[in-house]
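Undergrad: Predicted model, plus sequence, below.
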Amino acid sequence: MITAQDKILYVASKLGLTSLKDMQASTGAVYDVDTDLAGVLFTNSSRHINPGVTNVTENQFEVNEALLIENITFYVKKESGTVANFQREYGSNRVIVFSLQIGNKTVMKDTPVFAAGSPYTFANSANSKVTFGVTTVDAILPRHQIFMESVGILIPPQVQWQINYTIFDVTTGAPVAPTDDKAIGCYLFGTKVLLNFNTSI
């Protein structure tokens, strides 16, 4: 079985980054919101100096930094600043179709998303009540649906990446334009490699 670390080291070796093996991997995530309503995410993140909108200053990692994407989620960022579930805001007959581009290669193309969550998708679960007939019991339910897991795509150091997306009505096939009050955000979660000062200094 190939682990996340194996994939990261393989790509690093191909890129000639020999110091990557001395680095430390941990959980990491990047997110961005399309405040321009242009259908593109992460490309304009350098203009968003707002942690409520993005946590990256540019759409490429530093020399000894990489992210192995394990989960991808889309969500809605409202003008009020609140974060909402995509299908709750756009309706269950709407779908996001997206492409992930790393460098000059499209690594995921025209991928549909029918169920999406929000940046706190990965926060464990929520207590809830579930009724079976006349009996109500406590249950642990997922806080939101996660549309894509085990992605296994690596964003290497110093390579630009972006996501292009379009919202469609699955009934009519017509594109749906996002609005300021329903701006689309994207959250990439996975194994992130960081500089290990114990072995690098």
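TA: Yes, it's here.
Undergrad: If I follow the layout properly, Pro178 ends up in contact with Thr35?
TA: No: using C-beta atoms under 8 Å, Pro178 is not in contact with Thr35; the gap is 10.0 Å. (Each C-beta comes from the backbone N, C-alpha and C, glycine too.)
Undergrad: you'd agree Met108 is up against Trp161?
TA: No: with contact defined as C-beta under 8 Å, Met108 does not reach Trp161; the gap is 10.9 Å.
Undergrad: joint contacts of those two?
TA: Leu100 (C-beta atoms under 8 Å, 6 or more residues apart in numbering).
Undergrad: Have a look at those two and say which one is more surrounded.
TA: The neighbour count for Met108 versus Trp161, taken as other C-beta atoms under 10 Å, is higher for Trp161 (23 against 16).
Undergrad: Enumerate the positions of stretch 29-37 that are buried.
TA: Ala29, Val30, Tyr31, Asp32, Val33, Asp34, Thr35 (16 or more other C-beta atoms under 10 Å).
Undergrad: Quick check: chain neighbours aside, which residue is closest to the fifth one?
TA: Counting by C-beta to C-beta, 6 or more residues apart in numbering, Val33 lies nearest to Gly185, which is 4.0 Å off, once chain neighbours are set aside.
Undergrad: Angles on the backbone of the one you found, please.
TA: phi -120, psi 160 (degrees, to the nearest 10).
Undergrad: ok, now which ones touch it?
TA: Here Gly185 is in contact with Tyr31, Asp32, Val33, Asp34, Leu41, Val53, Phe74, Tyr75, Val76, Lys77, Val83, Pro119 (criterion: C-beta under 8 Å, 6+ apart).
Undergrad: cool, Thr106 as well?
TA: Ser99, Leu100.
Undergrad: Give me the below-cutoff pLDDT ranges for this protein.
TA: 1-26, 45-49, 115-151, 194-201 (pLDDT under 70).
Undergrad: how about the strands of it, start to end?
TA: 24-33, 40-41, 66-77, 83-84, 94-102, 105-113, 125-132, 135-142, 148-155, 161-169, 175-176, 183-194 (DSSP state E).
Undergrad: and Gln60, which of those strands is closest to it?
TA: Taking C-beta to C-beta, strand 161-169 is the member of these nearest to Gln60, at 7.0 Å.
Undergrad: Other residues contacting that closest one?
TA: Residues contacting strand 161-169 (C-beta under 8 Å, 6+ apart): 34, 39-43, 59-60, 74, 90, 93-103, 155, 174-178, 184, 186.
Undergrad: which of the residues you listed count as buried?
TA: 34, 39-43, 59-60, 74, 90, 94-96, 98, 100-102, 155, 176, 178, 184, 186.
Undergrad: The nearest residue to Ala84 once chain neighbours are set aside: how many residues sit nearby?
TA: Once flanking residues are discounted, Ala84 sits nearest to Val76: 4.4 Å by C-beta to C-beta, 6+ apart. Number of residues near Val76 (other C-beta under 10 Å) recorded here: 23.
Undergrad: Equivalent analysis for Asn50, please.
TA: 11.
Undergrad: go on, Asp180?
TA: 10.
Undergrad: Fine by me, we can end here.
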